[in-house]
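this one's sequence-less:
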Ligand code: ADP
Ligand code: MG
């Protein structure tokens with residue numbers, strides 16, 4: 001699950017990470033009121049930032065033609081105008097895809113004069129199975145380009161999860177960022193705070209881009225997180241009620257929301273062959289074999305280890321609400337799952353949804369004979385697959401590819 005920038009900043013502040021003061025709002029009048037307060041406190045510049053679950057906002061374009069989802073303003077009236085131009089409009093960025101995202105919330109924050117834009121991210125490194133902190137002096141908007149063209153400019157530090165980030169590691173990373181003198185300690189403190197946010201919130205990823213060196217009110221340099229992106233590890237969400245409340249359903253694909261209601265792991269893809277599988281590993285293998293035989297999967301769908309009839313029916317409905325689906329492959333290995341439960345579910349779902357598309361079913365394992373019998377006796381047109389490759393070939397052929 002992803003959260004908005006303003007929410008990510010709330011979490012980060014709780015761990016002592018400095019962020020520019022500001023507030024979230026959903027109308028232009030509120031935006032103006034927040035800006036007036038900030039200007040009254042002596043801020044010279046205020047930024048209006050579209051809150052969507054995607055980066056690249058600064059360089060994005062609204063479908064209305066308005067340029068930029070992040071705008072700097074010198075007056076509260078300008079904030080009002082910019083907020084008006086963004087709210088209720090669809091912002092298209094490098095990360096949203098051509099359909100873009102509707103902007104219904106804005107973060108209005110102080111925009112201190114930035115001296116240097118840096119990059120910081122914490123994530124789980126699969127290669128070392130450990131937390132990894134990445135920093136770069138080349139912060140700003142194009143970190144993907146830095147990673148591609150000048151990877152040596154990204155410095156990495158692996159963390160021992162048992163002890164967490166050590167102060168010397170934080171100072172080492174600060175030094176790698178070119179930070180010197182009085183700024184080393186606050187920078188190290190910020191790095192430790194970001195790491196603790198990642199660790200204690202069970203985040204999958206925390207990315208601060210840009211992390212900025214700015215001139216503080218006392219004339220001394222300080223370091224603040226100007227942008228923040230946090231992705232949560234969904235498997236640990238149950239431990240974080242405060243984070244669960246940050247879920248924004250408007251940012252999620254409607255079919256994926258429907259699937260999560262029934263505890264189905266569903267991810268929509270671009271192909272034409274829908275898959276209904278139990279177990280993530282088998283689901284991936286199924287997608288691979290469809291592709292191997294020249295087809296394209298329409299989704300990833302894992303009904304889990306012990307799916308009920310209701311779940312199977314819900315899964316069919318979700319699959320069928322994608323207009324690109326031209327055929328369905330059900331691939332079930334009954335370990336915990338009783339094949340007959342799946343078969344009963346399939347029959348009920350086909351009847352209920354009046355399925356017209358070719359349906360290939362491959363059942364194997366626990367109580368498979370009863371399952372096959374149920375399918376056969378249903379009188380429905382179901383193509384039976386004897387093995388995974390047989391089933392995949394049949395469904396690819398059936399959708400005419
Ligand atoms: P995105 O990564 O989605 O484009 P950012 O929050 O990184 O959005 O904003 C893009 C750019 O806008 C930043 O790199 C920075 O230069 C500028 N910016 C964003 N927020 C602020 C701020 N609070 N103060 C000053 N400049 C800002
Ligand atoms: Mg950014």
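The structure has been received and is ready for your questions. Here the structure is a predicted model, which is why all the values come from computation and not from measurement. Numbering: from 1, shown residues only. Ligands and ions are numbered 1, 2, ... in the order given.

Tell me the residues of this protein that contact ligand 2?
Neighbours of ligand 2 within the chain, by C-beta under 5 Å from the ion: 209, 227. Where you see a C-beta, it was placed from the backbone N, CA and C, and this is true even at glycine.

Got the domain ranges for the chain?
What automatic domain parsing lists as the domains of the chain is 21-110, 114-244, 254-399.

What average pLDDT does the second one get?
Going back to what we said before, that points to domain 114-244. Across domain 114-244, pLDDT averages out at 95.

show me what contacts residue 130?
Residues counted as contacts of residue 130 (C-beta atoms under 8 Å, 6 or more residues apart in numbering) are 124, 158, 159, 160, 161.

Scan the residues you listed and report the most crowded one.
Neighbour counts for the contacts of residue 130, by other C-beta atoms under 10 Å, peak at residue 159, which reaches 20 neighbours.

can you tell me which residues contact whichever residue of the stretch 251-400 of the chain sits closest to ligand 1?
Distances between the stretch 251-400 of the chain and ligand 1 by C-beta to the nearest ligand atom are smallest at residue 251, namely 14.1 Å. The neighbourhood of residue 251, defined by C-beta under 8 Å, 6+ apart, consists of 2, 4, 52, 53, 101.

Could you single out the nearest of those residues to residue 205?
For residue 205, the nearest member of these is residue 2. The distance, counting by C-beta to C-beta, is 9.2 Å.

would a markdown table of the contacts of residue 251 with secondary structure be doable?
Formatted as a markdown table, the contacts of residue 251 follow (DSSP: H, G, I helix; E, B strand; the rest coil):
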| residue | secondary structure |
| --- | --- |
| 2 | strand |
| 4 | coil |
| 52 | coil |
| 53 | coil |
| 101 | strand |
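
would you turn the residues you listed into TSV with distance to residue 293, neighbour count and pLDDT?
What follows is the contacts of residue 251, written out as TSV (distance: C-beta to C-beta, whole Å; neighbours: other C-beta atoms under 10 Å; pLDDT from 0 to 100):
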residue	distance to residue 293	neighbour count	pLDDT
2	34	19	94
4	41	22	97
52	38	27	97
53	35	18	95
101	35	23	94
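
Including distance to residue 296, could the residues you listed go into a markdown table?
Formatted as a markdown table, those follow (distance: C-beta to C-beta, whole Å):
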| residue | distance to residue 296 |
| --- | --- |
| 2 | 26 |
| 4 | 33 |
| 52 | 28 |
| 53 | 26 |
| 101 | 25 |
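
For ligand 2, see how far away the residue of the stretch 251-400 of the chain closest to ligand 1 is.
From residue 251 across to ligand 2, the span is 17 Å (C-beta to the ion, to the nearest Å).

Which pLDDT value goes with that residue?
Value listed for residue 251 in the pLDDT field: 89.

Backbone torsions only: list them for it.
Phi and psi for residue 251, reported as degrees, to the nearest 10, are phi -90, psi -10.

same deal with residue 181?
Here residue 181 shows phi and psi, under degrees, to the nearest 10, equal to phi 60, psi -130.

What about it, how many residues nearby?
Neighbours around residue 181, by other C-beta under 10 Å: 7.

now residue 261
Quick note: residue 261 (other C-beta under 10 Å) scores 9 neighbours.

Repeat that for the one 4 residues further on.
Burial measure for residue 265: 17 neighbouring residues, criterion other C-beta under 10 Å.

you'd agree it is up against residue 278?
No. Using C-beta atoms under 8 Å as the test, residue 265 is too far from residue 278 to be in contact (10.4 Å).

Quick one: mean pLDDT for the host helix or strand of residue 340?
Assigned by DSSP states H and E, residue 340 falls within helix 339-353. Across helix 339-353, pLDDT averages out at 89.

got it, and stretch 368-387?
On average, stretch 368-387 scores 91.

Check which residues of that stretch are buried.
Buried residues in stretch 368-387, counting neighbours by 16 or more other C-beta atoms under 10 Å, are found at 368, 370, 371, 372, 374, 375, 378, 382, 383, 385.

Double-check the first one against residue 339; I have them as touching.
What it means is residue 368. Yes. Using C-beta under 8 Å, residue 368 is in contact with residue 339, at 4.5 Å.

SS state for residue 171?
Judged by three-state DSSP, the three-state class of residue 171 is helix.

The nearest residue to it once chain neighbours are set aside: which element?
The spatially closest residue to residue 171, leaving aside those adjacent along the chain, is residue 188, at 4.9 Å (C-beta to C-beta, 6 or more residues apart in numbering). If you go by DSSP H and E, residue 188 is part of helix 184-200.
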